[in-house]
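S.K.: model this:
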Amino acid sequence: MARTGQLLGLVSATAAMVLVGALPAMAAPPSNDVITGATAITAIPFSETVNTTEATTDAEDAAINTNCGAPATNGSVWYTIEGRDVPAYLVDVAQSDFTAGVIVATGTPGNLSLVTCGPQAVAFQPVVGETYYLMAFSDNPDVVGGQLTIEVTEAELPPTVSMTVNDVGRVNPRTGTATVSGTYECIGTAEFTVVQGQLQQEQRGGVQVSGSFDVPDLACGGKFKWSAEVTPESGKFKPGLAATIALVAGCNRLGCNIYQTLEVVRLRSGR
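M.R.: Okay, the predicted model is just below:
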C-alpha cells in the first residue's frame, strides 16, 4: 500500500511538471516600448514586423497625442530617424494586422513637438540633421496591438502643376451646355490629378447662369490637354462672354500642389 502511494505521488509530481513545462511563455514588451528605448533607423528603406500585444501606453503617448487627437495610442512602440537630404520620408503601417496610426515628433523625451500624424501612413519633409521620433500604435481603443508592420521609405514631393484655359469655348444652343478646354502641366509623380472649376455668365436682366465641372483621373508627367462640358445649374449658357475659375491639383501622400486661374471665355455657338 505504501508503494502504491509512492507511485501515485510520483505520477502526480511528474504530471505537474509536464503541465508546468507545457505552459506558454508570457510575451515580453518589445524593446522599443518606451521612447527611451526607441529603435534607431539608420538605413532607408527600413521594414520590420514586431509583436506589440504586450506593448504599453504611457504619459509620453498621451502628451504628444494631445495635438494629434487619435482615438487611442494603445500598444505604442518608438523609432528614431535622422533627417537627411531627401525630398520626404514616408512612414507606412498599413500592412499591420490591426488598424494602426503614426505620430511624428521632434524635440526630446518629455518635451516633444508634433510634426504630423495620421492613420495608416504619413509623410513629412525632414530637416537635415534633425532627429525625428516615430510612434506607431493601435488607434482602436479596444485593441492593444498585434503584428505591427512598419516601413519607412523615401517619398517624392507633390508634383508641380500649372494650367491654361482657352479663351474661346463652345455652347450648344439647344441644351445650353457649354464646353471649355485648355492645357495643364503636371511635373513629378502624382497619386491623382484633377481639373475642376466653375463657369459663370451674366445675361440680360441681371440673370446669372453658372455650372461646375470636374475632370478626374488625369495623367501626370508632362503637358496635356483637358476639356470639360459644363451643364448649367439653371437656365442656359448663351453665346457671349463668360468667366471661369479653374484649378488643377496634383496630389500624393505628402499633400497637394494646386494652381488656380481666373479667365474670361468667349462662348461661341457650336457643338
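S.K.: For Pro159, which non-adjacent residue is closest in space?
M.R.: Gly188 (3.0 Å; Cβ to Cβ, 6 or more residues apart in numbering). The C-beta positions use only the backbone N, C-alpha and C, and glycine is treated the same way.
S.K.: wait, doesn't that neighbour sit right on Gly250?
M.R.: Yes. At 6.9 Å, Gly188 and Gly250 qualify as touching, with contact defined as Cβ atoms under 8 Å.
S.K.: if you count what's nearby, which of these two comes out ahead?
M.R.: Comparing Gly188 with Gly250 by neighbour count (other Cβ atoms under 10 Å), the higher total belongs to Gly250, at 27 against 17.
S.K.: Go through the helix or strand the more buried one falls within and flag the buried ones.
M.R.: When elements are defined using DSSP states H and E, Gly250 is found to belong to strand 240-252. By neighbour count on 16 or more other Cβ atoms under 10 Å, the buried set for strand 240-252 is Ala242, Thr244, Ala246, Leu247, Val248, Ala249, Gly250, Cys251, Asn252.
S.K.: what would those residues look like in CSV with distance to Cys220 and pLDDT?
M.R.: As requested, the buried residues of strand 240-252 are exported to CSV (distance: Cβ to Cβ, whole Å; pLDDT from 0 to 100):
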residue, distance to Cys220, pLDDT
Ala242, 29, 98
Thr244, 22, 97
Ala246, 17, 98
Leu247, 15, 98
Val248, 10, 98
Ala249, 11, 98
Gly250, 6, 97
Cys251, 10, 95
Asn252, 9, 89
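S.K.: Tell me which residues are up against stretch 260-269.
M.R.: Outside of stretch 260-269, the residues within contact range by Cβ atoms under 8 Å, 6 or more residues apart in numbering are 163-171, 173, 178, 180, 199, 201, 237-247.
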